[in-house]
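J.: 3D, please:
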Amino acid sequence: MDREELLHATPEEDGEPQKKRESPLVSLEKDLEFYADAIKEVAIEIMVEGISAYPIFIAHQHEVNIGELILNKEELNTDWTIQASTLEEFVEKGIIKKEKKEPFLKVYKKPEDFMCVFVIVPEGANFIYYPYKKGRG
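T.: Okay, here's the model as predicted:
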């Protein structure tokens with residue numbers, strides 16, 4: 001067995017030589033898939049307890065000072081750490097400006113169906129909506 005087989009490297013003859021450097025979003029998708037049930041549980045808890053109708057999850061690989069740690073990449077041997085927060089905290093901390101709150105709410109997707117994830121990478125940060133899978137099994 002050679003090094004490529006051991007590392008599951010894809011040979012360059014497959015016509016996709018650019019696939020050498022994987023986007024961090026590929027590992028994020030894998031982790032969100034893995035975390036989905038736990039994240040949904042926390043989202044429902046945030047809403048049921050009346051903390052917020054707008055849960056937001058922060059996905060990062062470093063340290064951030066917002067939200068509560070719910071899934072630690074070190075403990076779970078994954079690539080991304082997830083913290084739980086709310087729209088209210090994002091506004092309070094100035095991540096979402098008060099005047100941008102209404103436009104944000106217009107695009108905020110149903111939290112029972114989608115996780116709202118604030119993804120932080122070295123190049124910047126952005127919101128994504130990732131669907132919870134139905135009928136997995």
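J.: please count neighbours and contacts with C-alpha atoms only from this point.
T.: Noted.
J.: now find how far off-centre the helix or strand where residue 103 lies is within its chain.
T.: Assessed by DSSP states H and E, residue 103 sits inside helix 101-107. Its chain's C-alpha centre lies 19 Å from the corresponding centre of helix 101-107 when counted by CA atoms, centre = their mean, to the nearest Å.
J.: which residues of the protein fall in strands?
T.: 55-60, 68-71, 81-86, 114-121, 124-131 (DSSP state E).
J.: how about those in a markdown table, adding mean neighbour count and mean pLDDT?
T.: Below are the strands of the chain laid out as a markdown table (neighbours: other CA atoms under 10 Å; pLDDT from 0 to 100):
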| stretch | mean neighbour count | mean pLDDT |
| --- | --- | --- |
| strand 55-60 | 24 | 98 |
| strand 68-71 | 15 | 97 |
| strand 81-86 | 22 | 98 |
| strand 114-121 | 19 | 96 |
| strand 124-131 | 14 | 94 |
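J.: could you point out which of those sits nearest residue 38?
T.: Of all those, it is strand 68-71 that lies closest to residue 38, at 8.5 Å by CA to CA.
J.: what's the closest one in contact with?
T.: 35, 81-85 (CA atoms under 8 Å, 6 or more residues apart in numbering).
J.: just for this structure, where's the confidence low?
T.: For the chain, residues meeting the criterion pLDDT under 70 lie at 1-22, 134-137.
J.: what's in contact with the helix holding residue 103?
T.: residue 91.
J.: tell me what residue 117 is bridged to.
T.: Under DSSP bridges, the beta-bridge partners of residue 117 are residue 57, residue 128.
J.: what about the helices in this structure?
T.: Ranges of helices in the chain, per DSSP state H, are 3-6, 24-48, 73-76, 87-92, 101-107.
J.: and of the ones you listed, who's closest to residue 113?
T.: Of all the helices of the chain, helix 24-48 comes closest under CA to CA, at 8.7 Å.
J.: what's that closest one packed up against?
T.: Applying 3 or more CA pairs under 8 Å, 6 or more residues apart in numbering; DSSP states H and E, we find helix 24-48 packed against strand 55-60, strand 114-121.
J.: redo the ones you listed as JSON lines? Include distance to residue 72.
T.: As requested, those are exported to JSON lines (distance: least, CA to CA, whole Å):
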{"stretch": "strand 55-60", "distance to residue 72": "10"}
{"stretch": "strand 114-121", "distance to residue 72": "15"}
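J.: I appreciate the help and will end here.
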